[in-house]
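heads up, no residue letters with this:
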């Protein structure tokens, strides 16, 4: 048993478990220590299964964990572990070299990979230019100056980007940030 990400590999080396169960966010910073520990454990001891939990679907983390060898890997959302039978099934599969992925994780990974494959196809060259400058943190006026177009033209391109990326107005999300994140992950 380890209380932080740095203690995972030494604890596993000492006890030789069939599977390690980790939270993606662990002390001391509660960002990605658990994921980094899981990746390190997989590199050093590929025979030890790794089952990670997260409060939210984080496709970047899931993709990193599954990238080299998905055998013996699990990624579940915390609300799924309330069902003890599901948890035990996932634990058994991962310990046996299988894979256990939360259905929501699978949906988002598949959706993200489809989206990455089509981002360049969905947007025009000018929209990609605008999105690239948005990713640099530029305002619409700065984008207009850089591309030698009007502010209105930039606003039109931004609206088209939002529409093509299915980013509809919401009181909870910043569409500009979401568009940039998709661009950076493509």
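Arrived safely. Here the structure is a predicted model, which is why all the values come from computation and not from measurement. Numbering: from 1, shown residues only.

quick one: residues in contact with stretch 76-89.
51-57, 90, 100-102, 104-105 (CB atoms under 8 Å, 6 or more residues apart in numbering). All C-beta atoms are positioned from the backbone trio N, CA, C, and that covers glycine.

now it: how far from the chain's centre is it?
Distance of stretch 76-89 from the chain centroid (CA atoms, centre = their mean, to the nearest Å) equals 20 Å.

buried ones in that stretch?
By neighbour count on 16 or more other CB atoms under 10 Å, the buried set for stretch 76-89 is 76, 80-81, 87.

all strands for this structure, in order.
Ranges of strands in the chain, per DSSP state E, are 19-23, 49-54, 73-77, 99-101.

export the ones you listed as a markdown table, with columns for distance to residue 183.
A markdown table is the format used below for those (distance: least, CB to CB, whole Å):
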| stretch | distance to residue 183 |
| --- | --- |
| strand 19-23 | 29 |
| strand 49-54 | 23 |
| strand 73-77 | 24 |
| strand 99-101 | 26 |
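
do you know which of those lies nearest residue 6?
strand 19-23 (12.2 Å; CB to CB).

outside of the closest one, which residues touch it?
5, 8, 12, 34-35, 37-38, 41, 48-54, 72, 91, 94-95.

please convert the buried members of those into PyMOL selection syntax.
Selection of the buried residues among those in PyMOL, burial being defined by 16+ other CB under 10 Å:
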select buried, resi 5+8+12+34+35+37+38+41+48+49+50+51+52+53+54+72+91+94+95
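
can you pull out the low-pLDDT segments for the protein?
68, 106-107, 109-119, 171-173, 184-186 (pLDDT under 70).
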